[in-house]
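J.: Got a sequence here, can you model it:
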Amino acid sequence: MWHIIAMGAGKRFSARVAAGDDPALASLAALAVAEEFAREAGFDERGGARLAVVVEELVSNAIRHGAGGGAIAIDLTLSADANEVALTLSDSGVAFDPTTERAFTGPDAETGGGVGLALIKAWANGLHYCRENGRNVLNLRLRLN
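T.: A predicted model of the protein is given here:
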């Protein structure tokens, strides 16, 4: 189940994925919100594509790695500011700090994983993580050009 809330120049997406739910549905819904947000904000094709990649990676990773086979609640907030998007992702999953240094040696040969976080780090202006009230909270500003 998910909810979408328009907030002036921004959008908020909330989802709860329970054990047994198809996790792809929440990821696709978050992606649709990001694409709609980019269109409404007038981003060019490249900026919209960057935002879509970042949102899909963050949401799908939170669900895939954070739920641990159980339920997870996700809140995504997007707002536009000049040539950047302010993005906050909060989730109830297991603690994970994506800002800690990890050597990127290329995608995993089996799954292709590992590229998304490297892209997010390359495109973000400021990537800040904290754990608040049992939730992961990631804030970043995404450069659109």
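J.: Output the contacting helices and strands for the helix or strand residue 80 falls within.
T.: Using DSSP states H and E, the secondary-structure element containing residue 80 is strand 72-81. If you count contacts as 3 or more CB pairs under 8 Å, 6 or more residues apart in numbering; DSSP states H and E, strand 72-81 packs onto strand 10-17, helix 23-41, helix 45-61, strand 84-91. In this view, the C-beta of every residue, glycine as well, is placed from N, C-alpha and C.
J.: export the ones you listed to JSON lines and tack on distance to residue 119?
T.: Compiled in JSON lines, the helices and strands packed on strand 72-81 are given as follows (distance: least, CB to CB, whole Å):
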{"stretch": "strand 10-17", "distance to residue 119": "20"}
{"stretch": "helix 23-41", "distance to residue 119": "15"}
{"stretch": "helix 45-61", "distance to residue 119": "6"}
{"stretch": "strand 84-91", "distance to residue 119": "14"}
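J.: Distance to residue 99 and mean neighbour count added to these, as CSV?
T.: Supplementary listing: the helices and strands packed on strand 72-81 in CSV, determined by distance: least, CB to CB, whole Å; neighbours: other CB atoms under 10 Å:
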stretch, distance to residue 99, mean neighbour count
strand 10-17, 22, 20
helix 23-41, 21, 18
helix 45-61, 13, 19
strand 84-91, 13, 21
